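J.: coordinates only, sequence not included:
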Ligand SMILES: O=P(O)(O)OC[C@H]1O[C@H](OP(=O)(O)OP(=O)(O)O)[C@H](O)[C@@H]1O
Ligand SMILES: O=c1cc[nH]c(=O)[nH]1
Ligand SMILES: [Mg+2]
């Protein structure tokens, strides 16, 4: 597994405001959206393209085009929904699948409550969106589901990752043939006793959409 923490002053600036407990929901949503577009630029570095030739008004130019099958973007509900627009802004032709997952706050185990994905993901590049990689249980279950359906390349975009979660993912997919990447705005210090990322930003879903 490859991990890439994006080192850019604009990312760091936006992330700092996102963390601030005084940041309200509308601002949090806007910043999450802006951050994802910056992360998506890095996360799509390996998106598959093929040579293409176009006629400019004055000559012929050699370039590239995204190849079929289209990439699949998969936000993990709820909090991952806050990253969808920012991602599809950069990859407008991508298809979108959905995974609803929630972590039991006692056991910290992830439970899947909704799945809306193509049955066959053979040959598909997948981009999973979830702002928080804490214990890694949620993302590990999501990536396994995609690999089980045939995905051969999975990149996860996170706003924050904990070292414990990154270790968990690396172990879970050790020896898996498919390339797996995590692109994050930052790797934080650790998890607290409740499985929250420290210093983190609190509960991303609640900050985006309110407490339920
Ligand atoms: O790495 P883990 O320890 O599995 O935790 C991370 C998960 O927890 C949060 O979701 P939550 O369960 O709060 O659901 P929500 O998005 O509906 O708020 C977050 O968005 C991740 O999906
Ligand atoms: O810090 C954390 C950990 C899990 N889920 C969140 O939303 N925040
Ligand atoms: Mg939550």
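T.: On my side now, so go ahead. Remember, predicted model here, so these are calculated numbers, not experimental data. Ligands and ions are numbered 1, 2, ... in the order given.
J.: so which helix or strand takes in residue 150?
T.: Assigned by DSSP states H and E, residue 150 falls within no helix or strand.
J.: Excluding chain neighbours, what is closest to it?
T.: Closest residue to residue 150 apart from its sequence neighbours, by C-beta to C-beta, 6 or more residues apart in numbering: residue 122 at 3.8 Å. No exception for glycine: its C-beta is placed from N, CA and C like everyone else's.
J.: same check, this time on residue 178
T.: residue 152 is the one closest to residue 178 (C-beta to C-beta, 6+ apart), at 5.0 Å.
J.: Tell me how many other residues surround residue 200.
T.: 20 (other C-beta atoms under 10 Å).
J.: Does it touch residue 19 like I think?
T.: Yes: Residue 200 lies in contact with residue 19 (C-beta atoms under 8 Å); the separation is 7.2 Å.
J.: which intervals of this protein have sub-threshold pLDDT?
T.: Along the chain, segments meeting pLDDT under 70 are nowhere present.
J.: As a check, name the ranges of all strands in it.
T.: Ranges of strands in the chain, per DSSP state E, are 2-5, 49-55, 60-66, 72-77, 95-96, 98-103, 110-116, 125-129, 132-133, 153-161, 180-187, 190-191, 197-198.
J.: partners of the fifth one, with directions?
T.: Which is strand 95-96. Strand 95-96 sits in its sheet next to strand 72-77 (parallel), going by DSSP bridges.
J.: Repeat that for the last one.
T.: Sheet pairing here is set by DSSP bridges, and for strand 197-198 it gives strand 190-191 (antiparallel).
J.: what's the strand it pairs with in contact with?
T.: With C-beta atoms under 8 Å, 6 or more residues apart in numbering as the test, strand 190-191 has contacts from 134-135, 162-165, 197-198.
J.: and with 6 Å instead?
T.: The contact list for strand 190-191 (C-beta atoms under 6 Å, 6 or more residues apart in numbering) reads 134, 162, 164, 198.
J.: and the closest residue to residue 118 other than its chain neighbours, what does it touch?
T.: Residue nearest to residue 118 in three dimensions, not counting chain neighbours: residue 97, with 6.5 Å by C-beta to C-beta, 6+ apart. The contact partners of residue 97, by C-beta under 6 Å, 6+ apart, come to 72, 74, 116-117.
J.: Neighbour-wise, give me the winner out of the residues you listed.
T.: Counting neighbours by other C-beta under 10 Å, residue 74 leads the contacts of residue 97 with 29 neighbours.
J.: so how far is ligand 1 from that one?
T.: For residue 74, the distance to ligand 1 (C-beta to the nearest ligand atom, to the nearest Å) stands at 12 Å.
J.: Perfect, that will be all.
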